[in-house]
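**Student:** need a structure here:
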Amino acid sequence: MSQQIIIPKCDFCGKEEAIFGQAYKCRTYRSRVIPLAADMIDAWVACDECERFVENGDWLALAHYCARQIKTTKMSYIEKVALILNIHKEFREHRI
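**Tutor:** Okay, the predicted model is just below:
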């Protein structure tokens, strides 16, 4: 049986204390989509649910999954999906 590691927060969906899936290396970059965000450094960590979407390249399904995790926002569901697609596009552009 493999050891499960608990991560503080998934960088894709934001779920806290998730089961660790995968760390994806990327170059450090500053988001153009989220101007006030801190620099994205070294890697994005995925929970096991998000890892499945990333590994399958199913970015639309991942965006929908992530949008459902965001509970407190004044954005519509479609606006959340569009924003998340752009954030994940930036990640893919900087992935190593």
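**Student:** Phi, psi for the nearest residue to Phe91 once chain neighbours are set aside please.
**Tutor:** With C-beta to C-beta, 6 or more residues apart in numbering as the criterion, Phe91 has its nearest non-adjacent residue at 5.8 Å, and that residue is Trp44. The C-beta positions use only the backbone N, C-alpha and C, and glycine is treated the same way. Backbone torsions of Trp44, given as degrees, to the nearest 10, read phi -110, psi 140.
**Student:** Just give me the residue closest to the centre of this structure.
**Tutor:** Centroid-nearest residue in the chain, with C-alpha atoms, centre = their mean: Phe12, separated by 1.3 Å.
**Student:** before we move on, what SS does it have?
**Tutor:** Following DSSP: H, G, I helix; E, B strand; the rest coil, the label given to Phe12 is coil.
**Student:** Now it: closest residue in space that isn't a chain neighbour?
**Tutor:** Excluding the flanking residues, the one nearest Phe12 by C-beta to C-beta, 6+ apart is Cys50, at 4.0 Å.
**Student:** helix, strand or coil for that neighbour?
**Tutor:** Put simply, Cys50 is helix when judged by three-state DSSP.
**Student:** and it, what does it touch?
**Tutor:** By C-beta atoms under 8 Å, 6 or more residues apart in numbering, the residues touching Cys50 are Cys10, Phe12, Cys13, Gly21, Leu62, Tyr65, Cys66.
**Student:** so can I have JSON lines of those residues showing pLDDT and distance to His88?
**Tutor:** Below are these laid out as JSON lines (pLDDT from 0 to 100; distance: C-beta to C-beta, whole Å):
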{"residue": "Cys10", "pLDDT": "88", "distance to His88": "12"}
{"residue": "Phe12", "pLDDT": "90", "distance to His88": "7"}
{"residue": "Cys13", "pLDDT": "90", "distance to His88": "11"}
{"residue": "Gly21", "pLDDT": "73", "distance to His88": "15"}
{"residue": "Leu62", "pLDDT": "97", "distance to His88": "7"}
{"residue": "Tyr65", "pLDDT": "96", "distance to His88": "11"}
{"residue": "Cys66", "pLDDT": "93", "distance to His88": "8"}
